[in-house]
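**Q** Requesting a structural model of the entry that follows:
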Amino acid sequence: MKNLVYSSSIRKNLARVGEYTLIALALAMVIIPLYWLFLTSVKRPVDIFTVPPVWIPEQLTTEHYRTVMQVNDALPYFINSLIIASVSTLFSTLLGAFGAYALARVQFPFKVGVFMAYWILMTRMYPAVCTAVPYFLIIKSLGLLDTRIALILTYTGFNLPFVVWTLLGFFSEIPISIEEASIVDGATLFDRFVKVIIPISIPGLVVAAVFSFILAWNEFSFAVILTTFRAKTIPVVVASFITDRALQWGPMCALAFIAIIPVLVFILLVQKNFVRGLTFGAVKE
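**A** Next comes the predicted model:
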């Protein structure tokens, strides 16, 4: 009996060690690249190319940050990214919520709702760059090249399928009986959506908004194609440090580290609802 208890205890300890090891590896995969990014942004140029690499430099510098903010004047592009990502996230989350709720609750004839749901998913599956040339010509004909509006419309359209499918799962999990109680009180379809469904689905909306913001903030291909100067975003500016003469690691890492901050702040502000949204429906009673 003692041997069985002892072996069971060993298995539990080994399992716990394995769990902690996996957690430590996962944290290392996240933290080490961020640390190296920040470290490169504050290293002197001579230390950046030192072999073997310098993990704890003796002298730090803020010259790369001054280069980014003063010489390259990255602040206007930072504001562009913030406005474009925020507005497109708001529009895609709002429109996607309406679309997902309609697909989840409205009874379409001949399974039209199912067809529409899969058609929306298909639009997100093909590479967006395939439409780059015709999309560029459309934006040019509308006179929207190098404008924030062009990127807001682009990112809203690209994020809509993701938002619809994310929220469709949340809305489908909400019992219809909750809405039936409001129907008795005379609530319309719009009233039920705004006053009943939205408050319940805040975690799902937060999840959709966070991922939409990240996708819009990091998007590069269409930001390069549709902008030249005025509406240029942070990813395009980061890539501009890669030239035919040299690769400016210091300024590039400095701007990249600055670009991470808004996303981290956004996630920290909505952390509680974000975690609830990710785990929604994971545990069944």
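**Q** What is the subsequent helix or strand relative to the helix or strand harbouring residue 12?
**A** Following DSSP states H and E, the helix or strand that holds residue 12 is helix 2-42. Reading on from helix 2-42 to the C-terminus, the next helix or strand found by DSSP H and E is helix 45-48.
**Q** Check which residues of that following helix are buried.
**A** For helix 45-48, a neighbour-count test (16 or more other CB atoms under 10 Å) marks 47-48 as buried. In this view, the C-beta of every residue, glycine as well, is placed from N, C-alpha and C.
**Q** quick check: mean pLDDT across it?
**A** Helix 45-48 carries an average pLDDT of 83.
**Q** buried sites along the helix or strand following that helix?
**A** Downstream of helix 45-48, the next assigned helix or strand under DSSP H and E is helix 63-66. Using 16+ other CB under 10 Å as the test for burial, helix 63-66 gives 63-65.
**Q** Give me the below-cutoff pLDDT ranges for the stretch 101-250 of the chain.
**A** Across the stretch 101-250 of the chain, not a single residue meets the criterion (pLDDT under 70).
**Q** ranges for the strands of it?
**A** For the stretch 101-250 of the chain, no strands turn up when DSSP state E, counting those that start in this stretch is the criterion.
**Q** helices or strands up against the helix holding residue 12?
**A** helix 63-66, helix 249-269 (3 or more CB pairs under 8 Å, 6 or more residues apart in numbering; DSSP states H and E).
**Q** Which residues are in contact with residue 166?
**A** 96, 100, 204, 207-208, 211 (CB atoms under 8 Å, 6 or more residues apart in numbering).
**Q** and if we set it to 6 Å?
**A** Contacts for residue 166 (CB atoms under 6 Å, 6 or more residues apart in numbering) come out as residue 208.
**Q** quick one: the closest residue to residue 187 other than its chain neighbours from residue 181, how far?
**A** Distances taken as CB to CB, 6 or more residues apart in numbering put residue 195 closest to residue 187, at 7.0 Å, once the chain neighbours are dropped. Distance of residue 195 to residue 181, computed by CB to CB, to the nearest Å: 12 Å.
**Q** Going by neighbour count, list what's buried in stretch 182-202.
**A** Buried-residue list, stretch 182-202, by 16+ other CB under 10 Å: 187, 192-193, 196-197, 201.
**Q** So which of those residues is the closest to residue 124?
**A** Residue 124 has its nearest neighbour among the buried residues of stretch 182-202 in residue 201, at 20.7 Å by CB to CB.
**Q** Is that closest one in contact with residue 172, as I believe?
**A** No. Using CB atoms under 6 Å, residue 201 is not in contact with residue 172; the gap is 10.9 Å.
**Q** Not counting sequence-adjacent ones, nearest residue to the residue nearest the centre of the chain?
**A** Centroid-nearest residue in the chain: residue 214, 2.2 Å away (criterion: CA atoms, centre = their mean). Nearest residue to residue 214, sequence neighbours excluded (CB to CB, 6+ apart): residue 263, at 6.0 Å.
**Q** How many residues are close by the one you found?
**A** 15 (other CB atoms under 10 Å).
**Q** got a pLDDT number for it?
**A** 88.
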